[in-house]
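Participant: I would like the atomic coordinates for the input below:
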Amino acid sequence: MKNTITLTKRERMALRRRMRSRTGRAEDARRARVILLLAEGRTWDVICEHVGCSRGFVAIWRQRFADARLAGLYSRHRGQLPRPSTPKTEARILEATRRRPTDGTTHWSTRKLADKLGVSHMRVARVWTKHGLKPHRLDRYLASNDPNFERKAADIIGLYLNPPQHAAVFCVDEKTAIQALDRKDPVLPLSPGRAERHGFEYCRHGTLSLYAAFNTQTGEVLGKTAERHTSEQFVAFLTDLVVTQPADREIHVIADNLSAHKTQRVTEFLQTYRHVHLHFTPTYSSWLNQVELWFAKIEREVIARGIFTSVKDLARKLMRYIRQYNKAPKAVKWKYYDPTRRIGS
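Facilitator: Modelled structure (predicted):
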């Protein structure tokens, strides 16, 4: 049998382009390489060794090229087209997806559900995509059980949107148990194509708490560090807050329901300073306290990747951040988009 094939210049260019393509199908490149090697007069054994194929593969595509030239190198059967899902099949998949697996696992995968129903796992994936189902994902929520949620929330939102004239509104809270972590290994700095790297091992030097009062009108923060978060420390911080304001100014303080905020010492403080008014957020509603947004900021920018050689070093860096932040503070632009809708609905 004659092995060589005569190619036109146009056919040779098309085959070479197909063989070198980085975006085409790999099988098309293999067929083009076989035909080019045959045109060079190579034997079938050499072609099989170079291409990594069988003699039958060479025979099939040599004959197809001889019969139809370039058009013969295309596959005649490129796989089965996906079958359209019938409403009955979709309903079976959707109903089974909403039921928990019976093998003790918590959720379905496409392959596990496909084996259960006797369908293709790609069909399961397409049905899930069509109906927006993502069994592998889990969202968490926290519902307030406060019977006076709407009244308390409306009170706090009113202080944000329409504060009393000539009064100061502060969001107060404490960030507790901040760890002074030091790294045992050197920090490898940022470089092109590589992120900053910290060693896995670290040393604990203790913890402290950070008290912060966020001025809702100016965005300024009054901060103070403490070894513990007790009622005495909270009252002492409120006293520091009062000193920073004019003597006759009304002060509204928004705080959460921590037990240290509701002790007898706090009550005595409020009786002494009649112009200070304490407003409590509803239970499990810390998102209503704007200082939590500022705590998230200092966590990202100082604490999470910080290296602290001692508790004093941690306190020093926290207070330095607060001083730098207060040079250009930013208030929170609090908006309630639909006043006609029930708060918390």
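
Participant: and stretch 274-292, how far from the chain's centre?
Facilitator: Centroid separation between stretch 274-292 and its chain, computed with C-alpha atoms, centre = their mean, to the nearest Å, is 28 Å.

Participant: Output that stretch in CSV with nothing but the alpha carbons.
Facilitator: Output of stretch 274-292 as CSV, limited to C-alpha atoms (Å, rounded to 0.1, in the frame of the first residue of the first chain):
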residue,chain,number,x,y,z
ARG,A,274,-28.7,63.5,84.0
HIS,A,275,-27.7,64.8,80.6
VAL,A,276,-26.4,61.4,79.5
HIS,A,277,-29.1,59.1,78.0
LEU,A,278,-28.3,55.4,77.4
HIS,A,279,-30.1,53.7,74.4
PHE,A,280,-29.9,49.9,74.1
THR,A,281,-30.0,48.1,70.8
PRO,A,282,-32.5,45.2,70.5
THR,A,283,-31.1,41.8,71.4
TYR,A,284,-29.0,40.2,68.7
SER,A,285,-28.9,43.4,66.7
SER,A,286,-25.4,44.6,67.0
TRP,A,287,-25.6,45.6,63.3
LEU,A,288,-27.6,48.7,64.5
ASN,A,289,-24.5,49.9,66.4
GLN,A,290,-22.3,52.0,64.0
VAL,A,291,-19.2,51.4,66.1
GLU,A,292,-19.2,47.8,64.9
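
Participant: Buried residues of it, list them for me.
Facilitator: 275-283, 285, 288-292 (16 or more other C-beta atoms under 10 Å). The C-beta positions use only the backbone N, C-alpha and C, and glycine is treated the same way.

Participant: Check stretch 315-323 too.
Facilitator: Buried residues in stretch 315-323, counted by 16+ other C-beta under 10 Å: 315, 317-318, 321-322.

Participant: With stretch 253-271 instead?
Facilitator: Neighbour counts over stretch 253-271 (16+ other C-beta under 10 Å) mark 253-256, 260-261, 263, 266, 269 as buried.

Participant: Pick out the most distant pair among those residues.
Facilitator: Spanning the widest gap among those are I254 and T263, at 17.9 Å by C-beta to C-beta.

Participant: Dump the buried residues of stretch 315-323 to CSV, plus secondary structure and distance to K134.
Facilitator: Below are the buried residues of stretch 315-323 laid out as CSV (DSSP: H, G, I helix; E, B strand; the rest coil; distance: C-beta to C-beta, whole Å):
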residue, secondary structure, distance to K134
A315, helix, 44
K317, helix, 41
L318, helix, 39
Y321, helix, 38
I322, helix, 41
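
Participant: Just put the residues you listed in JSON lines and tack on pLDDT and distance to D248.
Facilitator: Shown next, in JSON lines, are the buried residues of stretch 315-323 (pLDDT from 0 to 100; distance: C-beta to C-beta, whole Å):
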{"residue": "A315", "pLDDT": "94", "distance to D248": "33"}
{"residue": "K317", "pLDDT": "95", "distance to D248": "36"}
{"residue": "L318", "pLDDT": "95", "distance to D248": "32"}
{"residue": "Y321", "pLDDT": "95", "distance to D248": "32"}
{"residue": "I322", "pLDDT": "95", "distance to D248": "27"}
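
Participant: for the residues you listed, which one is nearest S120?
Facilitator: The closest of these to S120 turns out to be Y321 (C-beta to C-beta; 55.4 Å).

Participant: Show me which residues of the lengthiest strand in the chain are buried.
Facilitator: Identified as the longest strand of the chain according to DSSP state E is strand 167-183. Judged by neighbour count using 16+ other C-beta under 10 Å, the buried positions of strand 167-183 are 168-175, 178-182.

Participant: Equivalent analysis for stretch 42-62, please.
Facilitator: 42, 44, 47-48, 51, 53, 57-58, 61-62.

Participant: returning to that earlier point: packing partners for the helix or strand following the longest strand of the chain?
Facilitator: Counting by DSSP states H and E, the element after strand 167-183 in chain order, helix or strand, is strand 202-215. The contact analysis (3 or more C-beta pairs under 8 Å, 6 or more residues apart in numbering; DSSP states H and E) places strand 202-215 against strand 167-183, strand 221-226, helix 231-243, helix 291-298, helix 311-325.
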